[in-house]
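>>> structure for the following, please:
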Amino acid sequence: MQIDFAEEILIELFKENKLRLIIRVDCLNEEYSHPIWFDSLEEYYKADTNHFCDQCGSQYNWKNAKVGFKRGIYTNDQH
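Purely as a prediction, here's the structure:
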């Protein structure tokens, strides 16, 4: 399956409220990564990019955020 085609399917399922978007941002700790999670693009864009990891004090790797999807049936009033 072509990646572009897979992306189109995921986006369409997200628009139909069958998937929920999740975003993971890891801290830059070399030994252990302490991610922070976001349940929507709005939440991600509002995040303080100058915030340091509460567990180790490292900066977060905002440039390499990972996007994923969760299955389920979601209404428009949820993230």
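>>> need the residues that contact the strand or helix carrying Gly68.
According to DSSP states H and E, Gly68 maps onto strand 66-71. Contacts to strand 66-71, defined as C-beta atoms under 8 Å, 6 or more residues apart in numbering, come from residues Leu10, Leu13, Phe14, Lys18, Leu19, Arg20, Leu21, Ile22, Ile23, Arg24, Val25, Asp26. Using the backbone N, CA and C atoms, a C-beta is placed for each residue, glycine as well.
>>> how many residues are close by the fifth one?
Yep, that's Leu19 we're talking about. Using other C-beta atoms under 10 Å, Leu19 has 20 neighbouring residues.
>>> hang on, it packs against Leu10?
Yes: Leu19 is in contact with Leu10 according to C-beta atoms under 8 Å; the separation is 6.6 Å.
>>> re the thing from before, and the two most separated of the contacts of strand 66-71?
Taking C-beta to C-beta as the measure, these span a maximum distance of 27.2 Å, between Lys18 and Asp26.
>>> which of these two has more residues huddled nearby?
Set side by side, Lys18 and Asp26 show more neighbours around Asp26, with 18 against 14, by other C-beta under 10 Å.
>>> how close does the closest residue to that one other than its chain neighbours sit to Ile22?
Residue nearest to Asp26 in three dimensions, not counting chain neighbours: Ser33, with 4.2 Å by C-beta to C-beta, 6 or more residues apart in numbering. According to C-beta to C-beta, to the nearest Å, Ser33 stands 16 Å off from Ile22.
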